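[1] when you get a sec, could you give me coordinates for this:
(chains A, B, C and D)
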2 protein chains.
Amino acid sequence: MAVTGIKEVARRAGVSLGTVSNVLNRPDSVAPATRKRVLDAIDELGYVRNDSARHLRAGSSRTVAIVVLDVSNPFFTDVVQGAEAVVEAAGGMLVVCNSGQDPAREGRHLATLEEQRVRGLLITPVENGRHERLERLVERGIPVVLVDRGSGQLNRCSVAVDDVLGGRLAAAHLAELGHRHIAFVGGPASIAQVADRHAGAAAALAEHGGGVELEVFETKALSVTAGRQAAEDICVLPRGRRPTAVFCANDLLALGVLQGLTIGGLRVPEDIALVGYDDIDFAAAAAVPLTSVRQPREQLGRTAAQLLLEEADTDTAHGHRHVVFQPQLVVRQSTAAPRR
Amino acid sequence: MAVTGIKEVARRAGVSLGTVSNVLNRPDSVAPATRKRVLDAIDELGYVRNDSARHLRAGSSRTVAIVVLDVSNPFFTDVVQGAEAVVEAAGGMLVVCNSGQDPAREGRHLATLEEQRVRGLLITPVENGRHERLERLVERGIPVVLVDRGSGQLNRCSVAVDDVLGGRLAAAHLAELGHRHIAFVGGPASIAQVADRHAGAAAALAEHGGGVELEVFETKALSVTAGRQAAEDICVLPRGRRPTAVFCANDLLALGVLQGLTIGGLRVPEDIALVGYDDIDFAAAAAVPLTSVRQPREQLGRTAAQLLLEEADTDTAHGHRHVVFQPQLVVRQSTAAPRR
DNA sequence: ACTACCTTGTGAAACGTTTCATCCGCCCGT
DNA sequence: ACGGGCGGATGAAACGTTTCACAAGGTAGT
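    This is a model prediction of the structure:
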């Protein structure tokens, strides 16, 4: 099976290079008879287009990339699926990169993607502030859409869920139930989502009319393991100084906290109430079904991809848009009024 | 910022094309002074290699792809992470494709990957039998490693976990507890893992000395939703004809079954015992911590990637290897002896 | 019969690398 | 002084596409 290209096909069909290319890209511009000869030659030879060559010529590829903080977090897999649907429908390919919340890894991925001249980039950056590498991509003309994050410094399209509002909803719910000492479990604080959810919670409590303490337990990551550790810290506190409710920045953490509390002998929600964030499918299936803040995950991905493709297809300048979705509180069995 | 390539750099540094290329690929073969000039020119210009051009010349890329059945299944995300670690350590990039158990989608992905001339392919094929497309890739010289599946027709390297043994472990455990009517929930039956796990269970029960019935509830997918539906079917059965234990082909199904049973008013394990498969992290955090069959997920991915790279690096013929891992039963609270 | 136009098809150039044969000085040993 | 080696640098060719200006031949209108 000849591995060569269009040339071989052309020879076999007795036409020129250009004609084969036309058959591939503008089939109508070629006479039916010739077209058939070429098509036959193609599959007799088992010819397959060479994408590298094609994109070298074209200047950019049909590949769109998404860089997420954690592939094993169901929140992101759902976002990915949303984006995937849109990109594939448009005939492209979505490559998924995992930064694992590590700036260095994120950097390596971006470097590779830049070398690949990807068509566009969906990203939830690990860190907030200025982002040199990202700015470079943008300068280079690669469309970038920020996912699950307001665009901040970088003037780009963005798709996000109002995390401040989400934090408010969670905290207000707990305050209304009568909790006066609430723990916020989340981290690293440098992650914008974490900071916003915390800010929202703090704001809601302030409005609620003081007297409610919000104690922060910062974690190293947004994972089940980190949650379990945080729960240990909470369990060792003497009864009086222990929060009566916990608001986690993320369902993974909440699941971990739930495990940790159970191991430590505290019951949810009797001894301590628990609220998660994301409302991943597993939240409803947890040991104690989790009250959580729901985000439109797939839609987030779909919208982000749409904005990206739109920008990529527009030659002229393009007005950046910022889509913000509203989160929603889903109350289940992990929250109840504090025991008196 | 000039987007042009090596040429611009060469001009600026006052050297030839070849020299710049040498600086990039064989830095030692060029005099330190020249090297510095070139390097300086490179970052003054913000030059970034063009991968398409590079790989057009080279003939194949540094990209390895993995095609999984379901990105949102934690089993696969863990496999992916294992593979990712190995590939990235080797300086490559792993692209994750999701077939979603749909042969057509799988086909589209393979077509694209073939056009991209990927360096190698890790895949859990949707279907068992012959696989024309895969055979073509192989003929073309693209290394393929089968993941979580014996190599079957295709003579390739493979990495798998002994699913028959896993099925045996689960069924034997239930039989020993005294269950005499066990449900197997899983599907589609065309998926090899499902078939093998079922076969293992059947074999174990046969050996156990007859009298144990294994009733199959086939599902359309290996998802939480499908599990919930299966549970409904089980709940409507009259007490006497209802199985006293359920073995699910997968933890996602088990989680769904758990929810469905609870909704239907049956308690686990008192009314009905439940065993899952994969031992994903969420299994331990479930409403009732799940007894499950554990697989070395990350290791599966790592080993697969290692075999692949090994094959890709070997010019000479290469003996295909089949690595089979042993699963392990993890007993938690979802299983108990049947009520009498 | 002449021009104008349309449809098909052609072939060379360009995309940005890498590779490879070659070349240029220069030092060393004789 | 001369050939041999050697470290460094060169430039053209090749990788497989796509594009574009152009040619060949046919049709139609005048």
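[2] quick one: the residue in the stretch 151-300 of chain A positioned nearest to DNA strand D and chain B, what's the gap?
    Using CB to the nearest atom of the strand, the single residue of the stretch 151-300 of chain A nearest to DNA strand D is residue A:157, 26.3 Å away. For every residue, glycine as well, the C-beta is placed using N, CA and C. According to CB to the nearest CB, to the nearest Å, residue A:157 and chain B sit 22 Å apart.
[3] likewise for residue A:260?
    11 Å.
[4] check which helix or strand covers the nearest residue to that residue once chain neighbours are set aside.
    Spatial nearest neighbour of residue A:260, excluding adjacent residues (CB to CB, 6 or more residues apart in numbering or on different chains): residue A:231 at 2.4 Å. Per DSSP states H and E: residue A:231 is located in helix A:224-235.
[5] which residues of chain A fall in helices?
    Ranges of helices in chain A, per DSSP state H, are A:6-13, A:17-25, A:32-45, A:51-58, A:74-89, A:103-115, A:132-139, A:163-177, A:192-207, A:224-235, A:251-263, A:281-284, A:297-313.
[6] need the winner for burial among the ones you listed.
    Neighbour counts (mean count of other CB atoms under 10 Å in any protein chain shown) averaged over each of the helices of chain A peak at helix A:251-263, with a mean of 25.
[7] and it with helix A:74-89, angle?
    160 degrees (axes from the mean of the first three to the mean of the last three CA atoms, to 10 degrees).
[8] which neighbouring elements make contact with helix A:251-263?
    Under the contact criterion of 3 or more CB pairs under 8 Å, 6 or more residues apart in numbering or on different chains; DSSP states H and E, helix A:251-263 touches strand A:181-186, helix A:224-235, strand A:245-248, strand A:273-278, helix A:281-284.
[9] what distance separates that helix from the middle of the whole chain?
    Using CA atoms, centre = their mean, to the nearest Å, the mean C-alpha position of helix A:251-263 is found 23 Å from that of the whole chain.
[10] need the helices and strands packed on helix A:251-263 in TSV (columns: mean pLDDT and distance to DNA strand D).
    Listed next are these as TSV, based on pLDDT from 0 to 100; distance: least, CB to the nearest atom of the strand, whole Å:
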stretch	mean pLDDT	distance to DNA strand D
strand A:181-186	97	49
helix A:224-235	95	47
strand A:245-248	98	50
strand A:273-278	98	42
helix A:281-284	90	42
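[11] which one, of those, ends up nearest to residue A:299?
    With respect to residue A:299, and counting by CB to CB, the nearest of these is strand A:273-278 at 13.7 Å.
[12] adjacent strands (with direction) for that closest one?
    On the basis of DSSP bridges, the sheet neighbours of strand A:273-278 come out as strand A:245-248 (parallel), strand A:291-294 (parallel).
[13] can you list the residues of the stretch 1-150 of chain A near DNA strand C?
    Taking CB under 7 Å from any atom of the strand as the criterion, the stretch 1-150 of chain A approaches DNA strand C at residues A:15-19, A:22, A:29-31, A:33-35, A:53, A:56-57, A:59.
[14] widest-spaced pair of the residues you listed?
    Maximum distance among those (CB to CB): 33.6 Å, for A:33 and A:59.
[15] any idea how far residue A:106 is from the residue nearest to residue A:110 when sequence neighbours are not counted?
    Once flanking residues are discounted, residue A:110 sits nearest to residue A:133: 4.9 Å by CB to CB, 6+ apart. Computed as CB to CB, to the nearest Å, the residue A:133 to residue A:106 distance reads 8 Å.
[16] if I pick residue A:106, what's in contact with it?
    Contacts here follow CB atoms under 8 Å, 6 or more residues apart in numbering or on different chains; on that basis residue A:106 touches A:67, A:99, A:125, A:126.
[17] I'd like those residues laid out as TSV, including neighbour count, distance to residue A:330 and pLDDT.
    TSV is the format used below for the contacts of residue A:106 (neighbours: other CB atoms under 10 Å in any protein chain shown; distance: CB to CB, whole Å; pLDDT from 0 to 100):
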residue	neighbour count	distance to residue A:330	pLDDT
A:67	22	28	96
A:99	22	28	93
A:125	24	28	92
A:126	21	28	88
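[18] residue in chain A with the shortest distance to DNA strand D?
    residue A:5 (2.1 Å).
[19] burial count for that residue?
    Residue A:5 has 16 neighbours, counted by other CB atoms under 10 Å in any protein chain shown.
[20] who does residue A:66 form a beta bridge with?
    For residue A:66, the beta-bridge partners under DSSP bridges are residue A:96, residue A:122.
[21] actually, residue A:276.
    The partner residues for residue A:276, given DSSP bridges, come to residue A:292.
[22] now do the contacts for it.
    Applying CB under 8 Å, 6+ apart, the residues near residue A:276 are A:248, A:250, A:251, A:253, A:254, A:255, A:283, A:290, A:291, A:292, A:293, A:334.
[23] as a markdown table, those residues with distance to DNA strand C would be great.
    Formatted as a markdown table, those follow (distance: CB to the nearest atom of the strand, whole Å):
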| residue | distance to DNA strand C |
| --- | --- |
| A:248 | 46 |
| A:250 | 41 |
| A:251 | 44 |
| A:253 | 44 |
| A:254 | 47 |
| A:255 | 46 |
| A:283 | 47 |
| A:290 | 50 |
| A:291 | 53 |
| A:292 | 48 |
| A:293 | 46 |
| A:334 | 55 |
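[24] ignoring the adjacent residues along the chain, who's closest to the residue nearest in space to the middle of chain A?
    Central residue of chain A (CA atoms, centre = their mean): residue A:76, 4.5 Å from the mean position. Leaving aside its sequence neighbours, residue A:76 sits nearest to residue A:68 (CB to CB, 6+ apart; 4.2 Å).
[25] any idea how far DNA strand C is from that neighbour?
    28 Å (CB to the nearest atom of the strand, to the nearest Å).
[26] residue A:119 contacts residue A:93, doesn't it?
    No - in this structure, residue A:119 is not within contact of residue A:93 by CB atoms under 8 Å, at 9.3 Å.
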